[in-house]
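Participant: Sharing a sequence plus its predicted fold:
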Amino acid sequence: MQALAEGLQSTKRELTDLIKTIDEKQVDTVPFEDSWTAGQLLEHIDKAVNPGLLKGNVQPTDRPADEKVAQVKKIFLDFNTKLKSPEFIEPREQAHDKNVLQQSLSEKFDELTDATNTLDLQQECVDFEVPGMGRFTRLEWISFYMIHTQRHIHQLKNIITKLQEKNVS
């Protein structure tokens, strides 16, 4: 689980470093057509990462605890496929404070790292099912949060590049 904890911290660092490069005045600027703003993207990540789920109801599972991780990677790290966000984690059209979002995400990733080191990751979480994939183990949820964030780091880099291009022109 050391590799998972290191992956979480690396993902957190990369996200934090990117957030710092966003001009506060451009957090809510639409970078290109049909795109979320940087603030909306960060709000979406913040809504999606839910460490509390790991401390909810669990049960033993008779399958490998990481069985669904490869499928999650295949789906979320395919940057050529546009995915539709579930409504309950869609961002709102509002002003965003990048520092508040960065702090919240940092705390959540620290909670995930702590869970990686302290909880039984073999247990299956029963309080929520992923549409089309069913229930996840704690290990799969932690991996999902990290992989989902990595997908959005890729998108955030693109948003930042477009915003910088707009700033120059």
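Facilitator: Arrived safely, thanks for sending.
Participant: Give me the buried stretch members for stretch 72-91, please.
Facilitator: Val72, Ile75, Phe76, Pro91 (16 or more other Cβ atoms under 10 Å). Placement of C-beta: from N, CA and C, glycine included.
Participant: actually stretch 3-10, sorry about that
Facilitator: For stretch 3-10, by 16+ other Cβ under 10 Å, it's Leu4, Ala5, Gly7, Leu8, Gln9.
Participant: I'd like the residues you listed as TSV, with pLDDT and distance to Pro64 appended.
Facilitator: Below are these laid out as TSV (pLDDT from 0 to 100; distance: Cβ to Cβ, whole Å):
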residue	pLDDT	distance to Pro64
Leu4	96	15
Ala5	95	19
Gly7	97	18
Leu8	97	20
Gln9	97	24
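Participant: Secondary structure added to those, as a markdown table?
Facilitator: Shown next, in a markdown table, are those (DSSP: H, G, I helix; E, B strand; the rest coil):
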| residue | secondary structure |
| --- | --- |
| Leu4 | helix |
| Ala5 | helix |
| Gly7 | helix |
| Leu8 | helix |
| Gln9 | helix |
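Participant: In JSON lines: the residues you listed, plus distance to Gln122.
Facilitator: JSON lines is the format used below for those (distance: Cβ to Cβ, whole Å):
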{"residue": "Leu4", "distance to Gln122": "13"}
{"residue": "Ala5", "distance to Gln122": "16"}
{"residue": "Gly7", "distance to Gln122": "18"}
{"residue": "Leu8", "distance to Gln122": "18"}
{"residue": "Gln9", "distance to Gln122": "22"}
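Participant: Out of the residues you listed, the closest to Gln40 would be?
Facilitator: Leu8 (23.2 Å; Cβ to Cβ).
Participant: Return the residues in contact with the closest residue in space to the closest one that isn't next to it in sequence.
Facilitator: Nearest non-adjacent residue to Leu8, counting by Cβ to Cβ, 6 or more residues apart in numbering: Thr113, 4.9 Å away. Residues counted as contacts of Thr113 (Cβ atoms under 8 Å, 6 or more residues apart in numbering) are Ala5, Leu8, Gln9.
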